[in-house]
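Q: prediction below, plus the sequence it came from.
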Amino acid sequence: MSGVSRVAGRVARVLTACGRGLVQAAVSQFAGVPLLVGSLLSIVFLPLGLGVLTAPVLLRGTRAFADTQRRWAREWSGVPIASPYRPLPRIEPGPAGRVELCRQLVRDPATWRDLLWLLLNVPVGALLGVLPAALLVNGLGGILVAPFLVALTTAHHLYWTLNIPLGALCLTAVIAAAPLIVKGHALFCSALLAPGRGQLSARVDSLTDSRTQVVDASAAELRRIERDLHDGAQARLVALGMNIGLAEQLIKHDPEAASALMVEAREHSGQALSDLRDLVRGIHPPVLAERGLDGAVRALAMSMPFPVDVRIELPGRPEAPVESAVYFAVAEALTNAAKHSGASRAWAQLSHDHGRLVAIVGDDGIGGVCPTAGGGLAGVERRLAAFDGVLVVTSPVGGPTIITMELPCALSSPKT
């Protein structure tokens, strides 16, 4: 029975490989060719504005098709292919948003590698996909059909006779090599669809740069906390101790002066406590710890000098560092709108989809916002980069300004 099982298993593997090869061949022609032609035409017509509507759809379709090939390579042949795509921010509806999305897609080197793969996969996918099935059909024809034709016909007798050893050779080849041929196609896909060395190097440089910026920002934050403690709470506590000491000396000889010093000491203690509370709010706002990101953003919106529409759809809570980063990012965006935009209203949206937290802050102000080195938005960008997040600003002159922040994160269970 074990021998029969091994034979049955080998036959199943060969038939499975042939079927998978035919699927690869079919999709390379009937899905790859339309995607390639449509994507290239859309990119060509982008300067005329004609490709703005079709380019995002077709290029995203190309990515989905390439991701399917990556999944097949992993599941069918054990060839893992990492995804090389840069994270795309969620773009607001409208012409400006679609133009920004097209720009992001076209600037991504992975887009052009996908298109090159589509082009080369037309012949390679067809050849490697059909080859196992062709070998199987020729092998079975040579072994099962050719002997009957040799016995029953006299015409082309030599031709059918030669087909018998040729069929045996083809059948041997397909039994030995069918899964390897499918794996060869997976390796071909890996060569083009995996992140290139330049992309990996750029990714390492980006992570190194973001880590350096985060370390520098953390050091600057520690210095600020030290300075605030030294100049604020510490100074008040020293004055408090001196007043209490003087009051101890005067309480027997001059009770009125001692009482005045104690009143002043009580004022210093209240001011020191207020300074400490302000310092703690700057590190991690208590409302964020108590009410979560949802409640903290709503409280922040209520403190703005103009109406802020808030829409939050979070089925759980992010991890504390991510929660803090998003809160301060939203706070910076709203504060900038209040100070510089001249807006009459603003809005804030938070959502979580496919493992990514998206925060969108907009206002109806004068627009023209551009992140500058050392500015608040540049600091937000550094803060998000520590979590592999991105920030995109869409702010034409005349408004509106839309700031989109997106970073990968998991949410806790609502029960938790």
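A: Happy to help now that I have it. Numbers count the residues shown, from 1 in each chain.

Q: quick one: low-confidence parts of the stretch 51-200 of the chain?
A: Applying pLDDT under 70 to the stretch 51-200 of the chain flags the ranges 87-94, 142, 145-164, 196-200.

Q: rerun that using 90 as the cut-off
A: Within the stretch 51-200 of the chain, the stretches with pLDDT under 90 are 51-57, 60, 77-110, 133-179, 191-200.

Q: so which residues make contact with stretch 19-36?
A: 58, 61-62, 65, 72, 76, 115, 118-119, 121-122, 124-126, 128-133, 178, 181-182, 185 (C-beta atoms under 8 Å, 6 or more residues apart in numbering). Where C-beta positions appear, they are placed from N, C-alpha and C, glycine not excepted.

Q: so which of these are in strands?
A: Using DSSP state E, no member of those sits in strands.

Q: among those residues, name the buried ones.
A: Buried residues within the contacts of stretch 19-36, defined by neighbour count using 16 or more other C-beta atoms under 10 Å: 58, 62, 65, 72, 76, 115, 118, 121, 124-126, 128-133, 178, 181-182, 185.

Q: host element of Ile360?
A: Following DSSP states H and E, one finds Ile360 within strand 356-363.

Q: residues in contact with Arg74?
A: 80-81.

Q: against Ile403, how distant is it?
A: The gap separating Arg74 from Ile403 is 37 Å, by C-beta to C-beta, to the nearest Å.

Q: try Leu187
A: Remark: distance between Leu187 and Ile403 (C-beta to C-beta) = 43 Å.

Q: so these two - more neighbours on which side?
A: Ile403 (27 against 13; other C-beta atoms under 10 Å).

Q: check the more buried one and give its pLDDT.
A: pLDDT recorded at Ile403 is 87.

Q: Asp209 too?
A: For Asp209, pLDDT reads 60.

Q: tell me the secondary structure at Leu50.
A: Counting by DSSP: H, G, I helix; E, B strand; the rest coil, the backbone at Leu50 sits in coil.

Q: thinking again about what came up before, now, the contacts of stretch 19-36 that are in helices?
A: If you go by DSSP state H, the contacts of stretch 19-36 have 58, 61-62, 65, 72, 76, 115, 118-119, 121-122, 124-126, 128-133, 178, 181-182, 185 in helices.

Q: how near is the residue sitting furthest away from the middle of the chain to Leu246?
A: Distance from the C-alpha centroid of the chain peaks at His253, with 72.4 Å (C-alpha atoms, centre = their mean). Here the criterion is C-beta to C-beta. By it, His253 lies 12 Å from Leu246.

Q: distance between the strand holding Ile360 and the chain's centre?
A: Remark: strand 356-363 is offset 14 Å from the chain centroid, using C-alpha atoms, centre = their mean, to the nearest Å.
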